[in-house]
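**Q** Everything below, folded, please.
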Amino acid sequence: MLVKSITALSQAHNGALTAPYRAMLRTRRFRSAPYNAPATGHEVVPVTTADGARLRVHSYGPADGEPIVLIHGWSCCIEYWHPQINAFADRYRVICYDQRGHGESTLGSSRLGDHTLADDLAAVLDATLSPGQKALLVGHSMGGITLQAWAARHPAQVARRARAVVLANTTSGNIRYDTDLLPLLNKPLTLAKQPITLLGSPVRLPMFVAESILTSPVPLPGGWAAREVLKERIMARGATSEQADFALSIVRSCRPLARGRHAAMLADMDLGAAAAHLSVPTTIIAGQYDRLLPERMSRHIADTMREAGHRPDYQVWPTGHLGNLEATDRFNAELGSVLDRTDPRSAAAG
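**A** I've put the predicted structure just below:
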C-alpha cells in the first residue's frame with residue numbers, strides 16, 4: 001500500500017518518465033552558464049563491460065590534454081559534472097561516464113556491488129587512457145566509493161593509472177546506520193508555523209518508511225516542494241534555488257529501477273580499509289553540513305589512509321552533500337591546485 005501511494009503521488013508530479021523526458025531533464029537550460037552543456041563537442045568512447053553493460057562515456061577537450069576522470073554519485077550522470085567540464089575542457093581532456101544503470105548506461109547482468117563499481121571504472125580507464133598515461137581521478141559520493149573499491153580490487157592500477165585522487169562527500173560504508181539523512185523528518189513538521197504533533201510527540205518518518213522511499217523503483221516528484229526538500233536535507237544553508245533545481249533535474253533523470261537497486265546496494269556496503277590502497281596523492285573533501293554522508297565518514301577514510309602510511313589532504317568545507325555545486329569556484333580551484341602540484345612536466349623539470 002505504501003509503495004502504491006508513493007507511486008501514484010510521484011506519477012502525478014512526473015507524468016510518464018520516458019527516455020526523451022529523462023534526457024530533457026539532464027540537458028535543461030539554466031541562467032548560469034556553468035550548469036549548461038559545454039559549447040564544444042565531445043568524443044563518444046564505446047565501452048561494454050564483461051557482463052554486457054553498455055556504458056556512456058564522453059571525452060571533452062583536446063585529445064592530447066592531460067586527462068581528468070570525473071566519477072559521479074548515486075542517481076546522477078555525466079551532466080552532473082557540467083560546472084567542472086566547463087571549467088577545464090578548454091585545456092584538459094575531461095572524461096566522464098554514466099555509472100551502470102544511470103544516465104544512458106545499461107545495468108548489465110551482474111549483481112550490483114563493489115565489484116561492478118570497481119570493474120566499470122577499470123574498463124573506462126582502459127578505454128580512455130593510453131598506455132602509461134595517468135589521470136586525476138575525481139569521485140563524488142558513490143563516485144568516491146567507486147574509487148576506493150577500484151583501488152582495493154585493482155591495486156596494481158593505482159600507481160599506473162592515477163596521477164592523484166580527489167574524494168568528495170563520500171564514505172567507505174555503513175551508510176544505513178551512519179547517515180543523518182534518515183529519518184528524513186528529524187524535526188517537527190509545521191503548518192502555519194505551528195508544529196504538528198501526533199499523540200503529543202513530533203511526527204517523524206520511521207526508518208523502514210524512509211528506506212522504502214529511497215529504494216523503491218518509483219519516479220521522484222519535481223516542482224517547488226521537491227526542490228525545497230532537496231535544499232533542506234541535501235544541501236547547506238545558502239544553497240541557491242538554481243543549484244537545487246539543477247541537482248533535482250539530474251537526480252530525477254535517473255531511471256527509478258537503477259536508483260532503487262543502487263540505494264539498496266549502497267546501504268549495506270562496507271569497503272573496510274579499501275582506501276589504504278590509495279597510494280597516490282589524495283585529497284578528501286567533506287561537507288560540514290552534509291547530512292547524507294556526514295563529515296565523520298570522510299574522516300574515517302582519512303584515518304584509514306594515515307594508518308596505512310599515507311598522508312591525505314583532509315579538508316572540511318561549509319557545504320552540504322553537493323560540494324562541487326555548492327562551492328563550484330572553490331572546488332574547481334582545488335582541482336586546479338591538485339593538477340598543478342602533480343604536473344608530470346613539473347616533476348620532470350625538477
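**Q** So, low pLDDT: which residues of this structure?
**A** For the chain, the stretches with pLDDT under 70 are 1-17, 182-219, 346-350.
**Q** Go ahead and flag the most central residue of it.
**A** Gly73 (1.9 Å; CA atoms, centre = their mean).
**Q** which residues touch the closest residue to it other than its chain neighbours?
**A** In this structure, Gly73 finds its nearest non-sequential neighbour in Ser141, 2.9 Å apart by CB to CB, 6 or more residues apart in numbering. All C-beta atoms are positioned from the backbone trio N, CA, C, and that covers glycine. Ser141 is in contact with His72, Gly73, Trp74, Cys76, Ala168, Asn169, Thr170, Leu292, Leu293, His321, counting by CB atoms under 8 Å, 6 or more residues apart in numbering.
**Q** Likewise for Glu242?
**A** Phe30, Arg31, Ser32, Tyr35.
**Q** Repeat the analysis, applying 7 Å as the threshold.
**A** Phe30, Arg31, Ser32 (CB atoms under 7 Å, 6 or more residues apart in numbering).
**Q** After the one helix or strand Glu242 maps to, which helix or strand is next?
**A** If you go by DSSP states H and E, Glu242 is part of helix 241-252. The element immediately downstream of helix 241-252 (helix or strand, assigned by DSSP H and E) is helix 256-267.
**Q** for that next one, packing partners?
**A** helix 175-178, helix 207-215 (3 or more CB pairs under 7 Å, 6 or more residues apart in numbering; DSSP states H and E).
**Q** what ranges do the strands span in the stretch 201-350 of the chain?
**A** Applying DSSP state E, counting those that start in this stretch to the stretch 201-350 of the chain gives strands spanning 201-202, 282-287, 313-317.
**Q** Would you convert these into JSON lines that also reports distance to Arg161 and mean neighbour count?
**A** Converted to JSON lines, those look like this (distance: least, CB to CB, whole Å; neighbours: other CB atoms under 10 Å):
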{"stretch": "strand 201-202", "distance to Arg161": "50", "mean neighbour count": "11"}
{"stretch": "strand 282-287", "distance to Arg161": "14", "mean neighbour count": "24"}
{"stretch": "strand 313-317", "distance to Arg161": "20", "mean neighbour count": "17"}
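**Q** Many thanks, I have nothing further to ask.
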